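A.B. asks: quick one, what's the 3D model for this:
(one chain, ligands or ions: 1)
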Amino acid sequence: MRGSSSARTSRPRPSEITARLPDGALAELMRRQRADWTLREGSARLSRVMSTAVALLRAPYDSGHRGIRMGAGPEALVAAGATDRLRARGHDVREHEVEPTSPWRAELRTAFELHRQIATTAAAALADGRVPLLLAGNCSGTIGMLAALQAGLTTTPRLRVGLVWFDAHGDFNTPDIDPWGFLDGQGLAMAVGRCWQALTSTVPGFAPLPEQRVLLVGARALDDAEESALRTSRVTWLPPAPARDRDAVRAGVEQLAADIDVVHVHVDLDVHDPSIAPANSYAEPDGLTAEQVHDAVQQVASQLPIASATLASYDPSYDPAGRMRDTALDLLTLLANLATSPQQTA
Ligand SMILES: [Mn+2]
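C.D. replies: Residues are numbered from 1 along each chain as shown. All right, here's what the predicted structure looks like:
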């Protein structure tokens, strides 16, 4: 499978198409596509050009427990039509569910069993020219996605991988400063190699990301020690006010684009304002609107190939009317529309 990328050179190359469009035109096309998908010949052709081969992964676990709390999110999104929506947009979707590899459940061990499964599944998808999209109970599933991007691409030279992380929280705690004992509050710290190195090294392909390759968007609820760790790190942090400001987002993405070739987009759904509906029990005020998140994602896509994405931390029990669910489904569709396989762009 890994050697087969040359067989795809006759297929449309989304990055080339993007490059021929003036600033903002792709975003405008995407907006129009949503309203006017199947109308004229031009639109139909556009839908073919933009269709993406997707691997939709589900990791329905929260803190080692299956299907409860945020672990119920992935199944709820699929039950609400996540896969069907992508297919209706012309995307070719293959579904995968990841499961722990041992029968014993323990937060730390089970989390890394899942990360390893995510890494292997997503790497195979990438090698096959697919864009892996992960629906995860916990944020740190992105460790597996980053590992896949680092190892699963057969491009030469190797592409530099970066990360845009949308979250109400910093996820930048480390074991010695974590006042909560919640492993998933450490996901971004793991990604940059600040903790759990022995375990992250068991995730096939994973290497800690240099901190300057990370843009944290919308974080507003950090513990004191976590905040000082973040402020003295090289991670670029856009709190809610700059995250709502298009120029600030553009500047943050530009800075990131100088250091990387492809990006993973991570969205903890609690980056949104809880007035939509709380995404989970950790929801915090002063969040972003769905439109602000879409704008920021489009800004990322206008400057960088989005090679993969995670939607995490959706607890349906906080969302009886399904408003955050629909927000998540819209965002998943946007990500699939904007994402591109690096195996085709290389
Ligand atoms: Mn998070």
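A.B. asks: up against the ion, what does this structure have?
C.D. replies: Within the chain, the positions lying close to the ion (Cβ under 5 Å from the ion) are Cys139, Asp167, Asp171, Asp268. Any C-beta I mention is one placed from the backbone N, CA and C, and that applies to glycine too.
A.B. asks: and the buried ones among the residues you listed, selectable in ChimeraX?
C.D. replies: A single ChimeraX command is used to select the members of those judged buried by 16 or more other Cβ atoms under 10 Å:
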select :139,167,171,268
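A.B. asks: tabulate the residues of the chain next to the ion (JSON lines), appending secondary structure.
C.D. replies: Output for the residues of the chain next to the ion, formatted as JSON lines (DSSP: H, G, I helix; E, B strand; the rest coil):
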{"residue": "Cys139", "secondary structure": "helix"}
{"residue": "Asp167", "secondary structure": "coil"}
{"residue": "Asp171", "secondary structure": "coil"}
{"residue": "Asp268", "secondary structure": "strand"}
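A.B. asks: surely Met190 is in contact with Thr200?
C.D. replies: Yes: here Met190 reaches Thr200: they are 5.7 Å apart, a contact under Cβ atoms under 8 Å.
A.B. asks: more neighbours: which of these two?
C.D. replies: Met190 (29 against 21; other Cβ atoms under 10 Å).
A.B. asks: residue contacts, that one?
C.D. replies: Ser140, Ile143, Trp196, Thr200 (Cβ atoms under 8 Å, 6 or more residues apart in numbering).
A.B. asks: surely it is within a helix?
C.D. replies: Yes: secondary structure of Met190 (three-state DSSP): part of a helix.
A.B. asks: so for it, what pLDDT did the model give?
C.D. replies: What the model reports as pLDDT for Met190 is 98.
A.B. asks: likewise for His264?
C.D. replies: 98.
A.B. asks: ok but it is inside a strand, no?
C.D. replies: Yes: assessed with three-state DSSP, His264 lies in a strand.
A.B. asks: how about the stretch 201-346 of the chain: which residue is closest to the ion?
C.D. replies: Asp268 (3.5 Å; Cβ to the ion).
A.B. asks: that residue touches Tyr314, doesn't it?
C.D. replies: No: applying Cβ under 8 Å as the test, Asp268 and Tyr314 come out as separate, 9.1 Å apart.
A.B. asks: now do the shared contacts for the two.
C.D. replies: Shared contacts of Asp268 and Tyr314 (Cβ under 8 Å, 6+ apart): Ala279.
A.B. asks: state the mean pLDDT of the helix ranked longest in the chain.
C.D. replies: Using DSSP state H to define each element, the chain has its longest helix at helix 107-127. Helix 107-127 carries an average pLDDT of 97.
A.B. asks: that helix: which residues count as buried?
C.D. replies: Going by 16+ other Cβ under 10 Å, helix 107-127 has these buried residues: 107, 110-127.
A.B. asks: which stretches of the stretch 151-300 of the chain have low pLDDT?
C.D. replies: The model of the stretch 151-300 of the chain has no residue with pLDDT under 70.
A.B. asks: what about the helices in it?
C.D. replies: Listed in chain order, the helices of the stretch 151-300 of the chain (DSSP state H, counting those that start in this stretch) span 187-191, 197-200, 224-231, 240-243, 246-257, 290-303.
A.B. asks: sounds good, over and out.
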